[in-house]
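Asks: missing the sequence, but the structure's below:
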């Protein structure tokens with residue numbers, strides 16, 4: 001999730017657990033501590049694929065953060081008992097507060113689609129539960145208001161109870177996201193089955209800023225994928241389009257470690273396109289149709305007409321720009337409650353891949 005959300009979540013947890021002892025300082029301590037796992041963004045990598053796939057790694061490990069909570073508990077008790085022996089700290093309660101602040105950061109991240117390596121150094125496919133969008137005002141704003149109230153009023157019993165209630169409500173909201181996602185996937189699967197289409201893999205991811213409208217992806221045995229939209233309030237079958245994955249183009253990248261790492265990190269939800277003299281690899285999980293957040297140039301055509309794998313570079317238009325289209329966002333928010341007219345999926349995809357050619361200019 002975004003840094004503001006992580007900070008207010010950490011502040012709310014530490015305020016609820018340790019506010020009686022630390023007072024208003026608990027809100028600040030929790031907010032700062034909760035942002036520590038994201039300091040891994042300060043590590044500079046040689047290419048954007050490494051930056052993407054090593055983020056949310058060791059610093060988001062439940063094992064590493066549990067060890068850090070134990071260390072911080074020991075250091076805090078050591079300092080407090082020397083300087084303020086009457087501070088009222090309980091070792092188990094202090095550990096619980098610090099541990100919850102730290103581990104809820106990666107757990108919340110795992111509820112987004114990006115991918116979080118909760119079990120590092122073991123490396124299964126990163127957890128990507130995709131129950132909430134990376135920025136969700138309905139999750140963040142109530143916690144933010146609660147933290148502001150506690151900061152203004154002080155850590156009274158009422159403030160701590162309020163923070164505790166808001167934390168329970170935030171957990172319920174994540175559960176609602178999982179339920180809404182499951183409904184979207186079931187509806188989409190049923191719609192495909194009614195058309196005689198069998199999906200080998202299917203998953204839903206939230207559309208921007210809500211848990212009511214879902215972009216659903218389904219792979220077919222023919223090497224294509226189906227991308228559609230399903231809303232919680234829909235009465236009619238979802239709209240969708242069938243698009244090529246072009247998996248044959250992946251042969252160009254065979255044996256390339258960064259390509260294998262990207263496949264592992266995304267669960268192989270990748271599309272390949274030849275765009276001019278570039279081989280572009282798109283992570284289908286994040287973004288909107290035709291405008292995906294992570295797209296990389298991973299090979300180029302040399303003067304002899306042969307493909308050469310390259311150090312990956314970000315493709316223009318990817319990144320945060322993928323959700324800055326105000327017109328598209330307006331249509332998406334309207335689509336939550338109104339199924340007609342359907343979203344212009346084909347138009348968006350044509351715009352996003354308008355320079356793509358079905359067969360490369362290079363020899364495979």
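Replies: All right, it came through fine. Source: prediction; values computed, not measured. Numbers count the residues shown, from 1 in each chain.

Asks: residues touching residue 215, list them.
Replies: Taking Cβ atoms under 8 Å, 6 or more residues apart in numbering, we find residue 215 in contact with 204-207, 227-229, 288-289. (Glycine included, C-beta is placed from N, CA and C.)

Asks: what subset of those residues is buried?
Replies: With burial judged by 16 or more other Cβ atoms under 10 Å, the buried subset of the contacts of residue 215 is 204-207, 227-229, 288-289.

Asks: tell me the one among those residues nearest to residue 34.
Replies: residue 206 (22.2 Å; Cβ to Cβ).

Asks: buried sites along the lengthiest helix in the chain?
Replies: If you go by DSSP state H, the chain has its longest helix at helix 157-194. Residues 159-160, 162-164, 166-167, 170, 173-174, 176-177, 180-181, 183-185, 187-189, 191-192 are the ones in helix 157-194 that count as buried (16+ other Cβ under 10 Å).

Asks: stretch 340-357 now?
Replies: 342-343, 345, 348-349, 352-353, 356.

Asks: equivalent analysis for stretch 292-308, please.
Replies: 292-301, 307.

Asks: I'd like those laid out as JSON lines, including pLDDT and secondary structure.
Replies: Shown next, in JSON lines, are the buried residues of stretch 292-308 (pLDDT from 0 to 100; DSSP: H, G, I helix; E, B strand; the rest coil):
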{"residue": "292", "pLDDT": "91", "secondary structure": "strand"}
{"residue": "293", "pLDDT": "92", "secondary structure": "coil"}
{"residue": "294", "pLDDT": "94", "secondary structure": "coil"}
{"residue": "295", "pLDDT": "94", "secondary structure": "strand"}
{"residue": "296", "pLDDT": "96", "secondary structure": "strand"}
{"residue": "297", "pLDDT": "96", "secondary structure": "strand"}
{"residue": "298", "pLDDT": "96", "secondary structure": "strand"}
{"residue": "299", "pLDDT": "95", "secondary structure": "strand"}
{"residue": "300", "pLDDT": "94", "secondary structure": "strand"}
{"residue": "301", "pLDDT": "90", "secondary structure": "strand"}
{"residue": "307", "pLDDT": "91", "secondary structure": "strand"}
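
Asks: hmm, back to that, after the longest helix of the chain comes which helix or strand?
Replies: strand 201-206 (DSSP states H and E).

Asks: same for that following strand, what does it pack against?
Replies: Contacts defined by 3 or more Cβ pairs under 8 Å, 6 or more residues apart in numbering; DSSP states H and E place strand 201-206 against helix 157-194, strand 213-219.

Asks: tell me what angle the longest one forms with strand 201-206.
Replies: Put plainly, it is helix 157-194. 140 degrees (axes from the mean of the first three to the mean of the last three Cα atoms, to 10 degrees).
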